[in-house]
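**Student:** below are the sequence and a predicted model for it; my questions follow.
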Amino acid sequence: MKRFFCIALCALLLTGCATTNAAPGSADSATQAPATDAPAPAVAVTGSSPITKDGTYTLTGVIDGQVLVTASNVTLILDNAAITCADGSAILGDDGDGQKSLQNLTVKLVGKSSVSGGAHGVQGKDNLTITGDGSLDVTAVKDGLHAGDTLNFEGGTVNVLSSYEGVEAAYVNLLGGSLTTHASDDGVNAACDRDGVVPSVVISGGEHYIYSGSDGIDSNGTLDISGGTTFVLINAPRDGQTFDADIPGSFLPHLTLSGQFSAGDTLAVAGFEVTLDTPVTAAALVLPGLADGESYGVKLNGSDYRDVTATVTVQPGFGGGFGGGNRGGARPDFDGELPDFGERAPGDFGGGTRPGRGAPPPAT
């Protein structure tokens, strides 16, 4: 069902070079930017009209309703904008008229913005790029960031405060910036039901904190990590994996952990420190400078805890633990239900017991 562009009040500035000829009051009725550096005048939008013309638009202030983009090549500059759409994606890239043309939607972050969607937070029909040097808080019922084809995360700071899946696309490329996801299911998911498509997750730069209630990074195809800092933290006592890839590719040396930890606990290793936002049952850390086969000391809440060994090996479909996770048996989505391994002792790092911790609450 088509969703309506239901903006009650917003300001859109056309900062590109294209001249629009839409009727007054529509999203495309902003005037062409003058030859000088002076900004184009703001245009108040009160109708239910999508952005149908290619160009660059600035959204600022409170926007109560969905920002719908049907043009093929559009850049939305979020400049201290707060967008809320209770019954759909806050920002939606769509073809509008059933057109098959490829859509490239870029969201450039300036200042501090937020989106809240009753479906996805930011949704691109085909290709979605996140860039800029501002920040964006995302609250979504479905995915925080979603693209039908390729999602490139190049810059800016995005915090997915709540979602079903934090990031999802056929091809997910984390190239820079800072991404934090809080997801009840997968933190980052590469999936596609089109024939002949092999989904992929590529991480080559940036700093990323992936909190999830199921798999941290799940690729139904390939997974390659060649740069950046990535910390995956899952709260999935039964069957979640830190890395769940059908085809693990090139991997930097990384450390992995299984145990039972509470929100507020601090983990530190190899000069990296993080205070947990949520309870955690498994984690994995990809950090520049780790050496394959070298042992590193883990501190828990400031005290020496365990020595762990960096590895470049990731088994297809399975995560691991600092000291080894208990992940034997069949993979659920290939061979039925994962066998019941029973309760794991608190703080199981392949041996040893962490006192004073019970089982974490169920994954949300």
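**Tutor:** That came in fine, so what should we check first? Numbers count the residues shown, from 1 in each chain.
**Student:** show me where this structure has helices.
**Tutor:** Applying DSSP state H to the chain gives helices spanning 332-335.
**Student:** taking the centroid of it, which residue is nearest it?
**Tutor:** Centroid-nearest residue in the chain: Val167, 3.4 Å away (criterion: Cα atoms, centre = their mean).
**Student:** okay, now the unreliable bits of the stretch 201-350 of the chain?
**Tutor:** Across the stretch 201-350 of the chain, the ranges flagged by pLDDT under 70 are 315-350.
**Student:** again, 90 this time
**Tutor:** Judged against pLDDT under 90, the low-scoring parts of the stretch 201-350 of the chain cover residues 236-241, 247-251, 257-260, 277, 288, 306-307, 313-350.
**Student:** is the residue nearest to the centre of the chain in contact with Leu179, as I believe?
**Tutor:** Yes. Judged on Cβ atoms under 8 Å, Val167 makes contact with Leu179 at a distance of 7.3 Å. C-beta coordinates here come from the backbone N, C-alpha and C atoms, glycine included.
**Student:** what's the overlap in contacts for these two?
**Tutor:** Taking Cβ atoms under 8 Å, 6 or more residues apart in numbering as the contact rule, Val167 and Leu179 both touch 153, 160.
**Student:** and stretch 71-84, how far out from the chain middle?
**Tutor:** Between the centre of stretch 71-84 and the centre of its chain there are 18 Å (Cα atoms, centre = their mean, to the nearest Å).
**Student:** give me the domain ranges for this protein.
**Tutor:** 1-141, 164-364 (automatic domain parsing).
**Student:** which residues in the stretch 201-350 of the chain form strands?
**Tutor:** Residue ranges of the strands in the stretch 201-350 of the chain, as given by DSSP state E, counting those that start in this stretch, are 207-212, 217-225, 229-234, 243-251, 254-261, 266-269, 272-275, 280-286, 295-300, 303-309.
**Student:** redo those strands as a markdown table? Include distance to Gly65 and mean neighbour count.
**Tutor:** Rendered in a markdown table, the data for the strands of the stretch 201-350 of the chain read as follows (distance: least, Cβ to Cβ, whole Å; neighbours: other Cβ atoms under 10 Å):
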| stretch | distance to Gly65 | mean neighbour count |
| --- | --- | --- |
| strand 207-212 | 29 | 23 |
| strand 217-225 | 32 | 24 |
| strand 229-234 | 34 | 24 |
| strand 243-251 | 37 | 20 |
| strand 254-261 | 41 | 25 |
| strand 266-269 | 41 | 19 |
| strand 272-275 | 37 | 13 |
| strand 280-286 | 37 | 25 |
| strand 295-300 | 46 | 16 |
| strand 303-309 | 49 | 16 |
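**Student:** want to try CSV for the ones you listed, with distance to Val158 as columns?
**Tutor:** Putting these into CSV (distance: least, Cβ to Cβ, whole Å) gives the following:
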stretch, distance to Val158
strand 207-212, 10
strand 217-225, 16
strand 229-234, 14
strand 243-251, 21
strand 254-261, 23
strand 266-269, 23
strand 272-275, 17
strand 280-286, 19
strand 295-300, 28
strand 303-309, 29
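**Student:** of all the ones you listed, which lies closest to Gly134?
**Tutor:** Proximity to Gly134 (Cβ to Cβ) singles out strand 207-212 among these, at 15.9 Å.
**Student:** hey, C-alpha coordinates of that closest one in CSV?
**Tutor:** Coordinates of each C-alpha in strand 207-212 appear next as CSV, following Å, rounded to 0.1, in the frame of the first residue of the first chain:
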residue,chain,number,x,y,z
GLU,A,207,33.8,2.8,14.7
HIS,A,208,30.8,0.6,15.3
TYR,A,209,29.0,-0.8,18.4
ILE,A,210,26.5,-3.5,17.5
TYR,A,211,24.0,-4.4,20.3
SER,A,212,21.5,-7.1,19.4
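**Student:** what angle separates that strand from strand 280-286?
**Tutor:** Using axes from the mean of the first three to the mean of the last three Cα atoms, to 10 degrees, the inter-axis angle of strand 207-212 relative to strand 280-286 is 160 degrees.
**Student:** quick check: Val314 touching Gln241?
**Tutor:** No. Checked against Cβ under 8 Å, the pair Val314 and Gln241 is beyond contact range at 9.7 Å.
**Student:** more crowded one of the two?
**Tutor:** For Val314 against Gln241, the residue with the higher neighbour count under other Cβ atoms under 10 Å is Gln241, and the figures read 28 against 22.
**Student:** any idea how far Tyr57 is from the more buried one?
**Tutor:** Using Cβ to Cβ, to the nearest Å, we find Gln241 at a distance of 40 Å from Tyr57.
**Student:** got it, and Asn189?
**Tutor:** As defined by Cβ to Cβ, Asn189 lies at a distance of 29 Å from Tyr57.
**Student:** which strands or helices does the longest strand seen in the chain pack on?
**Tutor:** In the chain, with assignment by DSSP state E, the single longest strand is strand 73-85. The helices and strands touching strand 73-85, judged by 3 or more Cβ pairs under 8 Å, 6 or more residues apart in numbering; DSSP states H and E, are strand 55-64, strand 67-69, strand 91-93, strand 104-110, strand 112-117.
**Student:** export those strands as JSON lines, with columns for mean neighbour count and distance to Leu76.
**Tutor:** Below are the helices and strands packed on strand 73-85 laid out as JSON lines (neighbours: other Cβ atoms under 10 Å; distance: least, Cβ to Cβ, whole Å):
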{"stretch": "strand 55-64", "mean neighbour count": "20", "distance to Leu76": "6"}
{"stretch": "strand 67-69", "mean neighbour count": "27", "distance to Leu76": "7"}
{"stretch": "strand 91-93", "mean neighbour count": "27", "distance to Leu76": "7"}
{"stretch": "strand 104-110", "mean neighbour count": "22", "distance to Leu76": "5"}
{"stretch": "strand 112-117", "mean neighbour count": "22", "distance to Leu76": "10"}
